[in-house]
Structures are given as C-alpha cells and as structure tokens.
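Chemist: sequence and predicted structure, then a few things I'm wondering about:
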Amino acid sequence: MSDQTPAIPPQPQPSSGSGPMIPIMLGVIIALAIATIYMFWQMNKVQKDVATLKDAMATEISGLKQASTVTTAANRQHLENLRTELEAARQQAAVAAGSAKVEAQKHAEELSRRLEAETKRQQQALRTEIGAVKETATATSTKVGEVSTEVGTVKTEVAANKAELDKTIAELKRATGDLGVQSGLIATNSKELAALKALGERNYFEFNLAKSKQPQRVGDIMMTLKKADQKRNRFTLEVIADDKKVEKKDKNLNEPLQFYVARARQPYEIVVNEVKKDRVTGYLATPKVQQSR
C-alpha cells in the first residue's frame, strides 16, 4: 500500500447571495395569502351587512307606508268629525238665536215694567218732598219774621249800647301822671276800661295783683305789690322794665303811674282802680306803636 493519503475532492460552497432571499420570499407569499384571505372575509362581512341593511330599510319603508295610510285615514276621519260638529254648531246657533230673541223680548218687557214702577215711586217721593219743602218754607217764613223782630231788637240794643258807650267816653277824664306828663283818658272802673278798649288808642292789660315777693308779669313788664293800705286807698308798687326796677311808693287810687321803656316814645301807664287787703286791681296801658325813643 502506498503511504500517501488520497486527496478529497473539494465540496461545492453555497452561494452567499441566494441564501437569505428564500425566507423573505416565503414571508411575503404568506403575508399576501393572509391579506387575501382577510379581504375575502371582509368582503363577505360587508355583503352580509348590506343585505341586512336592505332588509331593515325595506321593513321601515313598509312601516312608514302603513303609518302614512293610518294617519291619512285618521285625518280624513277628523275632518269628517269637524264637518259634522260644524253643522251641529250652525244648527244650534240658529236655535239659540231664536231663543235669544225671545229672552231679549222678555228682558225688555221686564225693564219696561221696572222703569214704570221706579217712575211712579220717584214721582211719589217728589210729591212728598215738595210737601215737606212747603212746610219748611212756611216754618222758615215764620222764623224769618221772628229773626227780623230779633234783629230790630238787637239794632235797638246796639244803638243803646253805642249811646251808652259814647256817654261813658264823654265822661272819661284826663289826668297828669306822676312824672308830670299829661296822661290820656283814664278809666276808674271796668265799664270805663271797656270804653277805652273800644276806642283802641292804646293796648290795655288788666291785672289782679296780690302782695308777694315774686314779681308778676303784666303785658311785657314785671310788677310786685309791696304794700296795700285799704283804709287810705294807697299802695306801693315795684315795676321791672328793661332790667331796671322803679318803685312807685305810696300812690293814690286812679293815679296814672308813668314810666318809660326803651322801645316806646310815649310812657307806659299803670292805673289802680281798687285797693283791697294785700291786693290791688287795675290795668296797664301801653302805646300802640313800639319804637326806640
């Protein structure tokens, strides 16, 4: 045997370019097959859905047709009912018009009767009132006569009072006051004071002044009775005016007590007409015009 090893023939090497392509092509073929199957399945599903939709639409259209038929029939029936009601209403209106005419006639007759009765009642009331007015007129005429008589009496009394007043005024006296100023007319009693007030030449304020330590307001001044001698008809007064005190001491009855105030040109006058025990009565006379001297 020979010592040399027989040579092994070289093995063919696979091509480096075609080896990886085969799996890829197989994958593409498989994917195409799957896509084709899915598309067939999807188309089948769409065809079934379309068929179902057609059936539903057909059913709905049939229902709509039936509903339309029913509605149309109902509307026709409603129109017929309305026509029937309208005709009945027209007939009823005709009957009612006749009844209304009868009722109106009855109402007019009733109003006529009531009007006639009311007219008679008012005429009777008017006759009664006229009678009452006549009676009142007669009574008024009698009363007017009585009033006329009373007026005549009053006129007579007024004339007499005026004559008495004129006489009293004529009897009033003038006097000179304690300041030496000629006084106006003075009153010695209430009758003469009333006559002075009627003349209206001055303002008059009557007073009834009791003896006291507290002054009493008379008009726009203050007065205090300090002393009253009833037996001798003499008295003492303290007068407060313009925040000043003036004492009129031991004065006589019906003597004008004069004093000036800042707001008058003419003097104020106090006249005491009666002296009692611890009390005097009289009046204060002040000028009508108040102005600064």
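Modeler: That came through, no problem.
Chemist: give me the phi and psi angles of Gly177.
Modeler: phi -70, psi 180 (degrees, to the nearest 10).
Chemist: can you check Lys277 too?
Modeler: The phi/psi pair for Lys277 (degrees, to the nearest 10) is phi -70, psi 110.
Chemist: now it: closest residue in space, sequence neighbours ignored.
Modeler: Closest residue to Lys277 apart from its sequence neighbours, by CB to CB, 6 or more residues apart in numbering: Gln230 at 5.3 Å. Placement of C-beta: from N, CA and C, glycine included.
Chemist: number of nearby residues for that neighbour?
Modeler: Neighbour count for Gln230, taken as other CB atoms under 10 Å: 14.
Chemist: contact partners for the nearest residue to Ile221 once chain neighbours are set aside?
Modeler: Distance criterion CB to CB, 6+ apart; nearest residue to Ile221, sequence neighbours excluded, is Ala241 at 4.5 Å. By CB atoms under 8 Å, 6 or more residues apart in numbering, the residues touching Ala241 are Asp220, Ile221, Met222, Phe259, Val261, Tyr268.
Chemist: how about the residue nearest to the fifth one when sequence neighbours are not counted, phi and psi?
Modeler: Nearest non-adjacent residue to Val261, counting by CB to CB, 6+ apart: Ala241, 4.9 Å away. Main-chain torsions, Ala241, degrees, to the nearest 10: phi -150, psi 140.
Chemist: quick check: bridge partners of Ala241?
Modeler: Lys244 (DSSP bridges).
Chemist: distance of it from Ala88?
Modeler: 109 Å (CB to CB, to the nearest Å).
Chemist: ok, Val102 next?
Modeler: Taken as CB to CB, the span from Val102 to Ala88 is 21 Å.
Chemist: ok, Arg127 to Arg121 distance?
Modeler: When Arg127 is compared with Arg121 (using CB to CB), they lie 11 Å apart.
Chemist: shared neighbours of those two, anything?
Modeler: Shared contacts of Arg127 and Arg121 (CB under 8 Å, 6+ apart): none.
Chemist: now Ser62: which helix or strand?
Modeler: helix 21-171 (DSSP states H and E).
Chemist: can you pull out the low-pLDDT segments for the stretch 51-200 of the chain?
Modeler: Applying pLDDT under 70 to the stretch 51-200 of the chain flags the ranges 148, 154-174, 182.
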